[in-house]
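1. Predicted structure and sequence below. I'll ask about it afterward.
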Amino acid sequence: EAAAAAAGAAAAAAAAALASATERETPEALVGTPFAEAPHPAAAALVASELRALLTPLIKDLADWTVKTRLRGAQTLLGTLWLAGPATTELFDSLLPAFLRGVDDDDDEVSKVVRRCICLVGCRADPNVYLPLTLAQLSPSTADSDTDAGLVGRRGLCLGVLGGLMSGVPPSTLAPHIATLTAMVAKPAFCVPSTSDEEESSGFYGATQLRLCQFIQALIARAGSLCVQSPQCFSLYCALMRLASVPSTAARGFTAQQRALEVLATLAETAGHMSSEGLHATHLPQLLQQVAGDETYATWTITTSDWHLVQALLRQCGGATAAASLLVLVPMFARLLQPKQEPALRATALSVLHQLLSCPEFARAPELDDWAEHMFAVLLIPNLVWRSGKAAEHVRHAAMRCLSMLAPLPPLTPKAIAEQLDDALPVITSCLDDDLTETRRLSCCVVNAALAKMGSTLTKEAWVSRPPPPSPSPPC
């Protein structure tokens, strides 16, 4: 009892001191409400000393099934927290479950009042206490094993609570915690793509992804230049690009992906870049190295999340940025385009490669001089070999599209073509008889480009099949 009395007295003194302070920042969520002003010090001291007893019935009311009771409880809780000040720090573990229930209440007015309560706690309590407790709800150690959409939705609610807490924290107080906040949301396991075709389950994932975008947007707006410092800028870049790479479904559309790219543009503007391409140029090489550094792409399939991430990175970054990473990309594509891989995976990889070759900045990049022959011989020619089936036909067409873009480029020199001629020419000429009309047309374009580059060095004998080697003489 003596310890409890001492703790109550300390809480009362802290609440009275805060109420008496002349310099205080009013959170935006509380502007225009009675709680924008400081309470009377004596009232603050009284409520802080009895806070634990006051909170128990209010938390119970927030879980009531009637809107009237929940709203009354939320409004009373707001006034109580306003008076209690920093005393809420010690009881945040009791408040957090109530906040998670009420932050997205079915009734808009209840949700609005609960968000104001969260903002008050963020402004008055100690972030060294409440941030670790809240971040524990987003721990990747639990996310890795989560298959329940309800648990994913709970993490989405936790993001809403984090956003409310953060809106009440001055940027100077938030600064020591930004690196931890951003590193948590950048974990690959955090934004789990939905594997369910059910609309309700898919909605949980989509809502969580949108809340992550909103949280990052609010963090950038709140912390400003702190978000573009290292290492948090890279963490935010990773989080946003992983969001942008999540495959769409009929239930969710592309809302989260588009929102992620919009927030990325905001981050780039905050960092002083004219567009998102500046962020890609700065951070894409490091992210690609993380994804491909341990050569896990050897086990990728068409549904692997890291493969979706690489596609999003290469489709969004500039051609020069992608060319600067060819040292990492070419070995990756060489594995993905092996003929033993599933046709859908190879077709997707060839589609990305075609987009790169269609980009003038990529085609002019000096790095392409070192890799053009390898792309010709290793990435494309093996995928032109005839195989039966419609899927193989589409792969041949995709490979020929890429080759028709690569063949006229100066980095693919006549010498490089001549060195690969014995293996490549029979494959290319076989595509002149392909069943698909467009593949035949593109084959003519490739042959024309080869003739223009090699000229008289491409002899007539090179176009005809070589006779089979003579049979060995019978032994005497």
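-> Perfect, thanks for sending it.

2. Quick check: buried residues in the longest helix seen in the chain?
-> When the chain is parsed with DSSP state H, its longest helix is helix 199-223. For helix 199-223, a neighbour-count test (16 or more other Cβ atoms under 10 Å) marks 201-220, 222-223 as buried. From N, CA and C alone the C-beta is placed, and that goes for glycine too.

3. ok now it, how far from the chain's centre?
-> 11 Å (Cα atoms, centre = their mean, to the nearest Å).

4. What of stretch 79-99?
-> Using Cα atoms, centre = their mean, the offset of stretch 79-99 from its chain centre is 33 Å.

5. Residue 400: what's it in contact with?
-> Counting by Cβ atoms under 8 Å, 6 or more residues apart in numbering, residue 400 touches 384, 431, 439, 442, 443, 446.

6. okay if I get the residues you listed as CSV plus pLDDT and neighbour count?
-> What follows is the contacts of residue 400, written out as CSV (pLDDT from 0 to 100; neighbours: other Cβ atoms under 10 Å):
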residue, pLDDT, neighbour count
384, 92, 22
431, 90, 23
439, 92, 22
442, 94, 23
443, 92, 23
446, 92, 23
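
7. Which single one of those residues is nearest to residue 294?
-> residue 384 (30.8 Å; Cβ to Cβ).

8. Isn't the closest one up against residue 401?
-> No: Residue 384 lies out of contact with residue 401 (Cβ atoms under 8 Å); the separation is 11.0 Å.

9. so where do the helices sit in the stretch 51-200 of the chain?
-> Along the stretch 51-200 of the chain, counting by DSSP state H, counting those that start in this stretch, helices occupy 51-62, 67-84, 92-102, 108-124, 127-135, 140-143, 149-167, 171-174, 178-185, 199-223.

10. Which strands and helices lie in contact with the longest one?
-> Meaning helix 199-223. helix 149-167, helix 171-174, helix 178-185, helix 232-244, helix 255-270 (3 or more Cβ pairs under 8 Å, 6 or more residues apart in numbering; DSSP states H and E).

11. Now the shortest one: buried residues?
-> It stands for helix 171-174. In helix 171-174, counting by 16+ other Cβ under 10 Å, buried: residue 174.

12. Any stretches of the stretch 351-476 of the chain with poor pLDDT?
-> Where the stretch 351-476 of the chain drops to pLDDT under 70, the residues are 456-476.

13. Try it again at 50.
-> Low-confidence segments of the stretch 351-476 of the chain (pLDDT under 50): 463, 465-476.

14. next one: the stretch 1-150 of the chain
-> 22, 141-147.

15. With residue 334 as the reference, measure out to residue 341.
-> The gap separating residue 341 from residue 334 is 11 Å, by Cβ to Cβ, to the nearest Å.

16. Considering the contacts of residue 400, which is situated nearest to residue 354?
-> residue 442 (11.1 Å).

17. can I assume that closest one is in contact with residue 401?
-> Yes: the criterion here is Cβ under 8 Å, and residue 442 meets it with residue 401 at 6.2 Å.

18. related to what we said a few turns ago, for residue 239, find the nearest of the helices of the stretch 51-200 of the chain.
-> helix 178-185 (4.8 Å).

19. contacting residues around the closest one?
-> 131, 135, 138-140, 159, 162, 166, 190, 212, 215-216, 219, 223, 226-227, 231-232, 235-236, 239.

20. Quick one: mean pLDDT over that helix.
-> Helix 178-185 shows a mean pLDDT of 88.

21. Which of the contacts of residue 400 fall within helices?
-> 439, 442, 443, 446.

22. list the buried ones in stretch 157-175?
-> Within stretch 157-175, judged by 16+ other Cβ under 10 Å, the buried ones are 157-169, 174.

23. State the pLDDT value of the residue nearest in space to the middle of the chain.
-> In the chain, the C-alpha nearest the mean C-alpha coordinate belongs to residue 242, at 1.8 Å (Cα atoms, centre = their mean). pLDDT, residue 242: 91.

24. for residue 268, same thing?
-> 92.

25. show me the contacts for it.
-> Contacts of residue 268 (Cβ under 8 Å, 6+ apart): 274, 275, 276, 277, 278, 279.

26. that older thread, quick check: angle from the longest helix of the chain to helix 255-270?
-> 10 degrees (axes from the mean of the first three to the mean of the last three Cα atoms, to 10 degrees).

27. Helix 199-223 - what's its average pLDDT?
-> 79.

28. Please identify the most buried of the helices and strands packed on helix 199-223.
-> Mean neighbour count (mean count of other Cβ atoms under 10 Å) peaks for helix 232-244 among the helices and strands packed on helix 199-223, with a mean of 24.

29. And for that helix, what's in contact with it?
-> Contacts of helix 232-244 (Cβ under 8 Å, 6+ apart): 178-179, 181-183, 185-186, 188, 190-191, 209, 212-213, 216, 219-220, 226-227, 256-257, 259-261, 263-264, 267, 271, 279, 283, 286-287, 305, 309, 312-313, 316.

30. make it 6 Å
-> 178-179, 182-183, 185-186, 191, 209, 216, 256-257, 260-261, 263-264, 267, 279, 283, 287, 309, 312 (Cβ atoms under 6 Å, 6 or more residues apart in numbering).

31. count of neighbours near the closest residue to residue 97 other than its chain neighbours?
-> In space, and not counting its chain neighbours, residue 97 is closest to residue 59: 7.8 Å by Cβ to Cβ, 6 or more residues apart in numbering. With neighbours defined by other Cβ atoms under 10 Å, the count for residue 59 comes to 19.

32. i'd like the first residue to be 169 from this point on
-> Got it, the first residue is 169 from now on, which makes the last one we talked about residue 227.

33. before we move on, back to that, distance to residue 459 and pLDDT for the buried residues of stretch 325-343 - can I get that in a markdown table?
-> Listed next are the buried residues of stretch 325-343 as a markdown table, based on distance: Cβ to Cβ, whole Å; pLDDT from 0 to 100:
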| residue | distance to residue 459 | pLDDT |
| --- | --- | --- |
| 325 | 30 | 84 |
| 326 | 26 | 87 |
| 327 | 24 | 87 |
| 328 | 29 | 87 |
| 329 | 31 | 90 |
| 330 | 27 | 89 |
| 331 | 28 | 87 |
| 332 | 33 | 87 |
| 333 | 32 | 88 |
| 334 | 29 | 86 |
| 335 | 33 | 83 |
| 336 | 36 | 77 |
| 337 | 33 | 82 |
| 342 | 30 | 86 |
